[in-house]
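Trainee: Predicted structure and sequence below. I'll ask about it afterward.
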Amino acid sequence: MRSRTRQGTLKRSYAPTWSKAVNSQKHAANLGTSFAPTCRQLLSPNSMRNVQDAENSSLPGGFMNICVFCSSSNNLDDIYLDAAAALGRAIARHGHTLVFGGYDMGLMGASARAAVEAGGRVIGITTEGLSAKGRAVVAGIEEECTTDLSARKKRMVELSDAFVTLPGGLGTFDEFFSVISRVKAGELNAPSALLDVDGFFKPLAALLDDAYARGLNSSNWRAACEIFDDAEALVAWIENAR
Ligand SMILES: C/C(=C\CNc1ncnc2c1ncn2[C@@H]1O[C@H](COP(=O)(O)O)[C@@H](O)[C@H]1O)CO
């Protein structure tokens with residue numbers, strides 16, 4: 001389990017976590033070498049305060065890095081934005097760190113801004129390409145920039161103890177399937193959940209159930225993923241799933 005008292009610099013704060021089935025020594029070695037920020041690392045006054053707090057904190061361990069995958073679209077109904085904000089607030093209120101894709105877009109921005117506003121720690125993993133296109137990063141977060149989407153996804157998974165997927169598009173599905181397929185393969189041992197909004201995930205759940213019923217999926221995907229429609233209940237489940 002990650003402990004806030006063990007956090008030093010931003011890079012050192014990414015200690016191996018309770019949930020990793022991967023070789024933890026290799027993981028730690030990688031953290032010290034291959035994953036340094038590659039373009040820029042923005043530490044806003046707010047994020048520097050958070051790092052300082054983490055260094056000086058006497059809080060007991062038990063806090064997690066919870067990764068949120070969700071839509072980057074800016075053309076969304078409030079029902080999705082409200083659910084994303086509720087998740088960000090719940091993560092922050094429970095004392096956990098929200099890890100996400102960094103940019104102030106769509107549900108990504110809504111969840112991260114809500115977590116920051118609730119006083120939570122937020123780590124955003126951005127990419128050189130998207131930043132070069134002028135995508136705005138959420139204010140008040142700790143940013144780590146990676147080379148591309150693939151490196152970003154890898155880094156988000158390395159940093160995180162648990163995974164939550166909100167409604168989204170191709171990028172979100174890619175991230176969701178990457179995590180649950182690694183859980184299925186035994187490469188990753190981490191709680192993973194869908195936060196359903198307005199029945200968005202029903203067709204996906206039906207498709208995956210059908211794939212299992214037909215024998216196309218060798219194991220039941222539901223063993224690797226829970227579905228919730230309430231952010232508080234979801235965060236409480238993650239805390240009890242460890
Ligand atoms: C052109 C647009 C966005 C550029 N692409 C992305 N921007 C931010 N985050 C992205 C992008 N592509 C993948 N991601 C990650 O996947 C999720 C969002 O993807 P989706 O396709 O919007 O579902 C998110 O979790 C990111 O980590 C303007 O739309």
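Mentor: Structure received. Residues are numbered from 1 along each chain as shown.
Trainee: Need the three-state assignment for Glu143.
Mentor: Per DSSP: H, G, I helix; E, B strand; the rest coil, the secondary structure class of Glu143 is strand.
Trainee: thought it was touching Gly101?
Mentor: No - contact criterion Cβ atoms under 8 Å: Glu143 and Gly101 do not qualify, at 10.6 Å. The C-beta positions use only the backbone N, C-alpha and C, and glycine is treated the same way.
Trainee: Looking at those two, which one has more neighbours?
Mentor: Between Glu143 and Gly101, counted using other Cβ atoms under 10 Å, Gly101 has the larger neighbour count: 29 against 23.
Trainee: Kindly give the local confidence score, pLDDT, for the nearest residue to that one once chain neighbours are set aside.
Mentor: In space, and not counting its chain neighbours, Gly101 is closest to Met108: 5.2 Å by Cβ to Cβ, 6 or more residues apart in numbering. pLDDT recorded at Met108 is 98.
Trainee: Ok, the one 5 residues further on next?
Mentor: What the model reports for Arg113 is a pLDDT of 98.
Trainee: Distance of it relative to the ligand?
Mentor: The gap separating Arg113 from the ligand is 15 Å, by Cβ to the nearest ligand atom, to the nearest Å.
Trainee: Gly101 now?
Mentor: 3 Å.
Trainee: quick one: the residue nearest to Gly101 and Cys70 touch, right?
Mentor: Yes - between Met108 and Cys70 a contact is recorded at 5.7 Å, counting by Cβ under 8 Å.
Trainee: The residue of the chain found nearest the ligand is in what secondary structure piece?
Mentor: Closest to the ligand within the chain is Gly171: 2.3 Å, counting by Cβ to the nearest ligand atom. Gly171 belongs to helix 170-184 when elements are defined using DSSP states H and E.
Trainee: coming back round to it: host element of the residue nearest to Gly101?
Mentor: Following DSSP H and E, the helix or strand that holds Met108 is helix 106-117.
Trainee: other SSEs contacting the longest strand along the chain?
Mentor: In terms of residue count, the longest strand belonging to the chain (DSSP state E) is strand 121-127. Judged by 3 or more Cβ pairs under 8 Å, 6 or more residues apart in numbering; DSSP states H and E, the packing partners of strand 121-127 are helix 45-56, strand 97-100, helix 106-117, strand 142-146, helix 149-159.
Trainee: now, of the ones you listed, which is deepest in the fold?
Mentor: Mean neighbours per residue, mean count of other Cβ atoms under 10 Å, is largest over the helices and strands packed on strand 121-127 for strand 97-100, with a mean of 29.
Trainee: SS state for the most centrally placed residue in the chain?
Mentor: Nearest to the geometric centre of the chain sits Cys67, at 1.1 Å (Cα atoms, centre = their mean). Here Cys67 takes the strand state, with states given by three-state DSSP.
Trainee: residues touching it, list them.
Mentor: 99-100, 156-157, 159-160, 162-164 (Cβ atoms under 8 Å, 6 or more residues apart in numbering).
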